[in-house]
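Participant: fold the stuff below for me.
(chains A and B)
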Amino acid sequence: GAGVSQTPSNKVTEKGKYVELRCDPISGHTALYWYRQSLGQGPEFLIYFQGTGAADDSGLPNDRFFAVRPEGSVSTLKIQRTERGDSAVYLCASSLTGGPYDEQFFGPGTRLTVL
Amino acid sequence: QKEVEQDPGPLSVPEGAIVSLNCTYSNSAFQYFMWYRQYSRKGPELLMYTYSSGNKEDGRFTAQVDKSSKYISLFIRDSQPSDSATYLCAMSALRDDKIIFGKGTRLHILP
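Facilitator: Residues are numbered from 1 along each chain as shown, chains lettered A, B, ... in the order given. This next block holds a predicted model:
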């Protein structure tokens, strides 16, 4: 079956621009997660959605980062006024119901480069 | 001190060798321990998980947790070139939804 998909696979932008990254979770999965993976590091939690609502956004680094999931399926991560330090791979994951015991399935990521 | 410490490697071993990968952690609230494998330009995939201290075996892979020492390990027996990847340890607390990952260890199995 189809896994988690993310678009675009690569995004190059200039400092100060706005970007949107899209995640399509596995059909029927109610929980959706965004992580950021910098070079040589493990994924770092950003935000967790349960259905349409953000259940935990404690990992968002600042107010330039925002994410939505309006219909409880597709999610968009939005970054305003991008900075060079935002360059990383942004990973999306989904799980059936959420919670620590529920396996998270990861997408291939969007590689963001801010020039 | 980071919550989860993992040596980034790289670690190079000959095909057929036993590989030992390790992580230490500082948060005693962690109760759920995982190992993910990540191939280049792919997302992580869950390899093994365990809830408690002790060993768990799955084919060539054995996960070991020692909560008293806050130390977890992954052993790979009869290593194959296809095992070459980055291995990420990860853990979470019982009432927490987020996973905390280690840096990952890059493993190369030499044919």
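
Participant: for the residue nearest to residue B:70 when sequence neighbours are not counted, give me the pLDDT.
Facilitator: Nearest residue to residue B:70 in three dimensions, chain neighbours excluded: residue B:25, at 5.0 Å (C-beta to C-beta, 6 or more residues apart in numbering or on different chains). (Glycine included, C-beta is placed from N, CA and C.) Model confidence at residue B:25, expressed as pLDDT, equals 96.

Participant: I'd guessed residue B:25 sits against residue B:69; true?
Facilitator: No. Counting by C-beta atoms under 8 Å, residue B:25 stays clear of residue B:69, with 10.0 Å between them.

Participant: of these two, who's got more company?
Facilitator: More crowded of residue B:25 and residue B:69, by other C-beta atoms under 10 Å in any protein chain shown: residue B:25, with 22 against 10.

Participant: ok, now which ones touch the more buried one?
Facilitator: Neighbouring residues of residue B:25 by C-beta atoms under 8 Å, 6 or more residues apart in numbering or on different chains: B:3-5, B:70-72, B:91.

Participant: most neighbours, which of these?
Facilitator: That'd be residue B:72 among the contacts of residue B:25, by other C-beta under 10 Å, with 27 neighbours.

Participant: can you name the next helix or strand after whatever helix or strand that one lives in?
Facilitator: Using DSSP states H and E, residue B:72 maps to strand B:71-76. Using DSSP H and E, the helix or strand that follows strand B:71-76 in sequence is strand B:85-93.

Participant: packing partners for the helix or strand that that next one is followed by?
Facilitator: Sequence-wise, the next helix or strand downstream of strand B:85-93 (DSSP H and E) is strand B:100-101. Other elements packing on strand B:100-101 under the criterion 3 or more C-beta pairs under 8 Å, 6 or more residues apart in numbering or on different chains; DSSP states H and E are strand B:85-93.
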